[in-house]
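Engineer: A structural model of the following input is requested.
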Amino acid sequence: MAIRKLTPEQERGTKFEIWGELLLQEIGYKRVRRNVQYHRQRYVYRQVDLEFKEGWKKNLVILELKYCNNGKVNLKLRSSRKFQKGRKSGTNKGKAGQLFKTIEDIVIETEERRRFVKARRAILMTNQYFSDDVYQKAEMFPNLKIYDLSDLMYLERNYGTISKLIPSKGSIREQINSINLRQYRINAISERI
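Structural biologist: Okay, the predicted model is just below:
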């Protein structure tokens with residue numbers, strides 16, 4: 001299967017999503033989906049990294065994954081940007097130099113996605129650790145859980161047998177890096193809501 005060209009950052013993030021998908025399947029979730037775009041209108045959509053359904057009511061749970069090479073994942077990831085001369089970005093149709101608002105806070109971004117897709121719960125997950133302000137902000141949202149490296153190591157060690165599915169039996173980082181993207185679907189799944 002031919003894969004589209006990904007930047008190194010996108011490649012690492014996609015491998016982490018695949019690793020998370022495999023872990024959830026090994027834990028016992030039957031229908032785990034990765035890279036799902038929920039559309040309300042033509043240009044109004046949100047992308048969900050991972051999702052699964054839990055319980056007899058089949059409540060939707062979404063996961064937002066943040067891959068980090070080293071250090072901690074910070075609360076603030078982006079800032080407001082300006083349109084460059086002659087360029088338009090996505091659905092924003094502004095003039096050159098016009099500011100458009102972006103979500104700057106990964107906790108608020110995850111909660112907004114949860115509400116948009118009407119999920120019961122959301123999980124914000126990283127392969128490293130989050131900064132203290134992320135943990136503090138997440139406490140404001142009862143339907144949001146945080147999973148960091150220590151939680152992933154616990155899940156992988158006690159519930160998952162993911163090391164049987166991935167060639168590298170080393171650390172989680174080595175397992176993620178050893179994933180061959182050519183063996184997995186990269187394109188997004190589209191859903192209308």
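Engineer: use CA for all of it now, contacts and neighbours both
Structural biologist: OK.
Engineer: and the helices in this structure?
Structural biologist: 8-27, 106-116, 132-138, 149-158, 172-177 (DSSP state H).
Engineer: send the alpha carbons of the last one over as CSV?
Structural biologist: It refers to helix 172-177. C-alpha atoms of helix 172-177 as CSV (Å, rounded to 0.1, in the frame of the first residue of the first chain):
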residue,chain,number,x,y,z
ILE,A,172,7.6,2.1,24.6
ARG,A,173,9.6,4.6,22.5
GLU,A,174,11.4,1.7,20.7
GLN,A,175,8.1,-0.1,20.1
ILE,A,176,6.6,3.1,18.6
ASN,A,177,9.6,3.8,16.4
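Engineer: before we move on, back to that, any chance of the helices of the chain in a markdown table, plus mean pLDDT?
Structural biologist: Shown next, in a markdown table, are the helices of the chain (pLDDT from 0 to 100):
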| stretch | mean pLDDT |
| --- | --- |
| helix 8-27 | 92 |
| helix 106-116 | 96 |
| helix 132-138 | 96 |
| helix 149-158 | 86 |
| helix 172-177 | 89 |
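Engineer: could I get those as a markdown table with distance to Thr126 and mean neighbour count?
Structural biologist: Formatted as a markdown table, these follow (distance: least, Cα to Cα, whole Å; neighbours: other Cα atoms under 10 Å):
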| stretch | distance to Thr126 | mean neighbour count |
| --- | --- | --- |
| helix 8-27 | 9 | 19 |
| helix 106-116 | 12 | 19 |
| helix 132-138 | 12 | 15 |
| helix 149-158 | 7 | 15 |
| helix 172-177 | 11 | 18 |
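Engineer: save those as JSON lines, and put in distance to Gly71 too.
Structural biologist: Below are the helices of the chain laid out as JSON lines (distance: least, Cα to Cα, whole Å):
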{"stretch": "helix 8-27", "distance to Gly71": "16"}
{"stretch": "helix 106-116", "distance to Gly71": "16"}
{"stretch": "helix 132-138", "distance to Gly71": "12"}
{"stretch": "helix 149-158", "distance to Gly71": "12"}
{"stretch": "helix 172-177", "distance to Gly71": "13"}
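Engineer: those helices: which one's closest to Arg40?
Structural biologist: Of all the helices of the chain, helix 106-116 sits nearest to Arg40, with 9.1 Å by Cα to Cα.
Engineer: which elements pack onto that closest one?
Structural biologist: Counting contacts by 3 or more Cα pairs under 8 Å, 6 or more residues apart in numbering; DSSP states H and E, helix 106-116 is packed against strand 44-54, strand 121-126, helix 132-138.
Engineer: any chance of those in JSON lines, with distance to Ile108 too?
Structural biologist: Formatted as JSON lines, these follow (distance: least, Cα to Cα, whole Å):
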{"stretch": "strand 44-54", "distance to Ile108": "14"}
{"stretch": "strand 121-126", "distance to Ile108": "11"}
{"stretch": "helix 132-138", "distance to Ile108": "9"}
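Engineer: what's the most buried one of those?
Structural biologist: Stretch with highest mean neighbour count among the helices and strands packed on helix 106-116: strand 121-126 (a mean of 22; mean count of other Cα atoms under 10 Å).
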